[in-house]
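Engineer: Following is a predicted model, sequence given first.
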Amino acid sequence: MKFWRTPLDSDRVKVPHGRIHIIVERCKGCAYCVEFCPRDVLEMSTEYNQKGYHPPYVKVEDDCVNCRLCELLCPEFAIFCTLKEEEEVGNKEEVGHVESRS
Amino acid sequence: MSNGKPSEEHHPMEALLRMDRIPHIWCSTCGLGTSVSAFALALEDLQYDLDKICIVSGIGCTGRVAGYVKLDSFHATHGRAIPFATGLKLANPQLKVVVFSGDGDLIAIGGNHFIHAARRNMDLTVICVNNFIYAMTGGQVAPTSPLGASCSTTPYGNYERPFNIPHLAESCGAVYVARWTALHLRRTAKSIAEAMRKPGFSVVEIICPCSTLYARRNRLGDGLELMKFYHENSIIKHGADPRDVDIDFQSPIVVGKFVDRDRPTFIDGYNRAMTAKLGEKFEPYGVAPAEVHDG
Ligand SMILES: Cc1ncc(C[n+]2csc(CCOP(=O)(O)OP(=O)(O)O)c2C)c(N)n1
Ligand code: SF4
Ligand code: SF4
Ligand code: SF4
Ligand SMILES: [Mg+2]
């Protein structure tokens, strides 16, 4: 089978971007989300939640491709991802939510 | 949420969970919550009427699943998930009945029910979470514990040959058998959906980290370390001969869909046999559920 390195409709394909929501108080700090995110979007925080666990925080949300892997792997149902509105996609001015929490 | 401050944000899984029971009791880095998400993903794909799906668990950490999932569910006594599910299916054949339970519950105390449900090709989907141990009761050796694994009852290492669950299921007659790890949750979800679509006895084994008892006792770190281990040591081999998929202590794990075949289900067999004997006098059972049950 032939494989095209560049999809024929590459000019029309948009990479999806996601927005991460973390329910900090539900997290048990397992770090599955941080470890397996394909885009290295998340990082463990040094802060504690009420239960005494370190929740993750969003390091670079702009890199998130809304694959939902973090959401599906999270054993606590504490993180999820939603598709950003089209107009927000690629709006570089919006970057900079380092340590942003939901 | 019953504990902590209420969250204003709603996780998509909340629709399928009994939120008054969340947070669940499972330990940090336990993979059970992830296995529940894989099941939810399968339901999303199947788009079945949720009122027609029932879930039955036995006793154990995994057995708690029936209490957390917002479907009609039953938390049976230890080892008896399959007999309860069998009764449910036979009384109400239009239901999709899923058994979600642990390796100890299904393969140790419930082993006899497992082999006979497979032999009869009872129309059930069994999701067997294999964490290689009796977790809930303190980490005793299970019939799935790998040779050499330290358990609270085998402090010098397990010396009993474990069951290979796919081989057991296949040799007893299961029509669909797959194995994945908790890390392969999209593939697990796909297998669960295939298994639920398939009439007959289907088994999806999920190798899953028990951080507190198995990982810690065996000095393997925590559940995250086990997930990384699965990432590096799983070998996908669809169609592998189930005889060749034994699991040794910390050996590579062969995963994939191993069996997908057709055999008449228990109800098919009953209807065929009775129709052959009684002809027109016999009204086949459990077919065309809409007519039979909804008038
Ligand atoms: C008749 C009976 N025997 C023994 C027990 C104790 N018991 C509770 S859970 C369990 C083992 C559970 O192991 P598994 O099914 O692998 O579940 P896990 O906790 O590992 O998820 C045992 C032996 C019981 N509850 N009832
Ligand atoms: S949705 Fe995917 S890319 Fe975005 S943070 Fe989660 S795992 Fe990473
Ligand atoms: S996967 Fe969930 S529980 Fe684990 S660290 Fe991430 S948000 Fe917390
Ligand atoms: S004891 Fe093991 S299986 Fe049970 S909740 Fe804890 S980590 Fe999970
Ligand atoms: Mg177990």
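Structural biologist: In hand now; what should we look at? Just so you know, these numbers come straight off a predicted model, no measurement behind them. Numbering: from 1, shown residues only, chains lettered A, B, ... in the order given. Ligands and ions are numbered 1, 2, ... in the order given.
Engineer: where does chain B have its least confident helix or strand?
Structural biologist: Least confident helix or strand, chain B: helix B:289-294 with a mean of 44, by mean pLDDT, DSSP states H and E.
Engineer: Could you find the closest non-adjacent residue to B:V175?
Structural biologist: B:G200 (3.9 Å; CB to CB, 6 or more residues apart in numbering or on different chains). No exception for glycine: its C-beta is placed from N, CA and C like everyone else's.
Engineer: same deal with B:H78?
Structural biologist: Going by CB to CB, 6+ apart, B:H78 has B:I59 as its nearest residue, at 3.9 Å.
Engineer: Check B:L32 too.
Structural biologist: Nearest residue to B:L32, sequence neighbours excluded (CB to CB, 6+ apart): B:W26, at 4.8 Å.
Engineer: count of neighbours near the one you found?
Structural biologist: Using other CB atoms under 10 Å in any protein chain shown, the number of residues around B:W26 comes to 25.
Engineer: What separation is there between it and A:K28?
Structural biologist: From B:W26 over to A:K28 the distance is 8 Å, taken as CB to CB, to the nearest Å.
Engineer: joint contacts of the two?
Structural biologist: A:P75 (CB atoms under 8 Å, 6 or more residues apart in numbering or on different chains).
Engineer: coming back round to it: what sits against the residue nearest to B:H78?
Structural biologist: Neighbours of B:I59 in contact, by CB under 8 Å, 6+ apart: B:H75, B:A76, B:T77, B:H78, B:G79, B:D105, B:M136.
Engineer: helix/strand/coil for it?
Structural biologist: coil (DSSP: H, G, I helix; E, B strand; the rest coil).
Engineer: cool, and B:V126?
Structural biologist: strand.
Engineer: where are the low-confidence patches of the stretch 51-200 of chain B?
Structural biologist: Applying pLDDT under 70 to the stretch 51-200 of chain B flags no residue at all.
Engineer: Ligand 1 versus the closest residue to ligand 5 within it, what's the distance?
Structural biologist: Ligand 5 sits closest to B:G102 of the stretch 51-200 of chain B, with a gap of 3.9 Å, by CB to the ion. Per CB to the nearest ligand atom, to the nearest Å, B:G102 is found 2 Å from ligand 1.
Engineer: Show the model's pLDDT score for A:E85.
Structural biologist: Note on A:E85: pLDDT of 65.
Engineer: what's the closest non-adjacent residue to A:C33?
Structural biologist: Nearest residue to A:C33, sequence neighbours excluded (CB to CB, 6+ apart): A:C70, at 3.7 Å.
Engineer: And the helices in chain A?
Structural biologist: A:32-36, A:69-73 (DSSP state H).
Engineer: now do the stretch 1-150 of chain B
Structural biologist: Using DSSP state H, counting those that start in this stretch, the helices of the stretch 1-150 of chain B run over B:32-46, B:65-68, B:81-91, B:103, B:111-120.
Engineer: now for those, which one comes closest to ligand 3?
Structural biologist: Among these, the nearest to ligand 3 by CB to the nearest ligand atom is helix B:32-46 (8.1 Å).
Engineer: Please compute how far the closest one lies from its chain's middle.
Structural biologist: Its chain's C-alpha centre and that of helix B:32-46 lie 12 Å apart, by CA atoms, centre = their mean, to the nearest Å.
Engineer: Could you give me the buried positions within it?
Structural biologist: Neighbour-count burial for helix B:32-46 flags B:32-43, B:46 (criterion: 16 or more other CB atoms under 10 Å in any protein chain shown).
Engineer: cool, stretch B:101-120 as well?
Structural biologist: Neighbour counts over stretch B:101-120 (16+ other CB under 10 Å) mark B:101-111, B:113-118, B:120 as buried.
Engineer: B:I192 - nearest residue in space that isn't next to it in sequence?
Structural biologist: Nearest non-adjacent residue to B:I192 (CB to CB, 6+ apart): B:A42, at 3.7 Å.
Engineer: do the same with B:G239
Structural biologist: In space, and not counting its chain neighbours, B:G239 is closest to B:F258: 6.8 Å by CB to CB, 6+ apart.
Engineer: Return the distance of that neighbour relative to B:R216.
Structural biologist: 31 Å.
Engineer: how about the strands in the chain?
Structural biologist: Defaulting to chain A. Along chain A, the segments classed as strands by DSSP state E run A:18-22, A:42-44, A:56-58, A:79-83.
Engineer: my bad, the chain I had in mind was chain B
Structural biologist: Remark: strands assigned in chain B by DSSP E are B:53-57, B:72-75, B:96-102, B:125-130, B:176-181, B:202-207, B:234-236, B:253-260.
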